[in-house]
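1. would you be able to build a 3D model of this:
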Amino acid sequence: MTSHSGFDVAGEIVVVTGAGGQLGSAYARAFLECGASVWGLDIVNNSAISKLEEEYPSLFKFRQANITIKTDLKKIAQEMTDSASLPTVLLNNAALDSPPKAPAEENGPFEEYPESSWDEVLDVNLKGMFLCCQVFGRLMAQKRNGSIINVSSIYGVVAPDQSLYEYRRKRGENFYKPIAYSVSKSGVLNLSRYLAAYWAKSNVRVNTLTISGVFNNQEQEFLEQYCSRIPIGRMALPSDYCGPVLFLASAASGYMTGSNLVVDGGWTAI
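-> The predicted model follows:
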């Protein structure tokens, strides 16, 4: 069977933020396997980054950067410009959440949520994405060629289902999914819409990918609650999102901009 050439991303120059994370490294690998060059950005180097460097020495470049610091990003953009390696795809994947094992005050009731945690999450999840779009999107607009993919979450579309954590409250923990992550991921949707309209005439497409929870060895009680709530009956695997990312990066989605592609196992359908 002949493949559809519109899905080809070979030769694309892709910037992936949060490239050392569970999803970021999977996205980077998917592009590399398809013949794209990837500039992986992360605040720290780790084993996932090292593995990509070892396996794809000619296609993968890692650059340590804090996406909330514009000078970090501008240095990388200048290096890309100097090497005639201007980005054609920007995947804004990096994000900060309050994990289940975060300090109690971060996962407590809304009324007690720390202002410092709000600032930190919004700084990474929205300001960092805004700065990456400014720095790398500018290069795409100048070249008149680019696709920006901003990753959001089901909790940017609907409120968290706090009943998932009732089992923790029953065992004495004052646990709630915190607010800052939801607010930041909601902001991603209109950041994409704004930039889609702003850069449309510069041939830069900007779309949102909205995803649901990813399996990462969560405790059994949570998995049971989550999987009984989601129509497809399981948490996502990183590979479930690689196809949608490649689609949004490729010419196959060439008539899409300002859209929100929801890939959530049916979570927001009910």
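2. for Val204, which non-adjacent residue is closest in space?
-> Gly146 (4.2 Å; C-beta to C-beta, 6 or more residues apart in numbering). Every residue, glycine included, has its C-beta placed from N, CA and C.
3. that neighbour contacts Arg138, correct?
-> No: the criterion here is C-beta atoms under 8 Å, and Gly146 misses it with Arg138 at 9.9 Å.
4. which one's more surrounded, these two?
-> Gly146 (26 against 16; other C-beta atoms under 10 Å).
5. quick one: residues contacting the more buried one.
-> Neighbour list for Gly146: 87-90, 137, 139-140, 199, 203-205 [criterion: C-beta atoms under 8 Å, 6 or more residues apart in numbering].
6. the helices in this protein, which residues?
-> For the chain, applying DSSP state H gives helices covering 22-33, 47-55, 70-82, 115-122, 129-143, 166-170, 179-199, 220-229, 239-249.
7. what about the fifth one, distance to the chain center?
-> Spelled out, it's helix 129-143. Relative to the chain's own centre, helix 129-143 is displaced by 16 Å; criterion: C-alpha atoms, centre = their mean, to the nearest Å.
8. same question for the last one.
-> Helix 239-249 sits 11 Å away from the centroid of its parent chain (C-alpha atoms, centre = their mean).
9. angle of that helix against helix 22-33?
-> 60 degrees (axes from the mean of the first three to the mean of the last three C-alpha atoms, to 10 degrees).
10. show me what helix 239-249 is packed up against.
-> The contact analysis (3 or more C-beta pairs under 8 Å, 6 or more residues apart in numbering; DSSP states H and E) places helix 239-249 against helix 22-33, strand 89-92, strand 146-153, strand 204-211, strand 260-263.
11. what's next to the second one, contact-wise?
-> Residues lying outside strand 89-92 but in contact with it, judged by C-beta under 8 Å, 6+ apart, are 9, 12-17, 27, 31, 36, 128-129, 132-133, 136-137, 140, 146-151, 188, 245, 249.
12. excluding sequence neighbours, find me the nearest residue to Asn216.
-> Gln22 (6.1 Å).
13. pretty sure that neighbour contacts Pro238?
-> Yes: in this structure Gln22 lies within contact range of Pro238 using C-beta under 8 Å: 6.1 Å.
14. who's more crowded, those two?
-> Between Gln22 and Pro238, Pro238 has the larger neighbour count (other C-beta under 10 Å), namely 18 against 13.
15. quick one: the residue lying closest to the more buried one once chain neighbours are set aside from Cys242, how far?
-> Sequence neighbours aside, Ala26 is the residue nearest to Pro238 in space, at 3.5 Å (criterion: C-beta to C-beta, 6+ apart). Separation of Ala26 from Cys242 (C-beta to C-beta, to the nearest Å): 6 Å.
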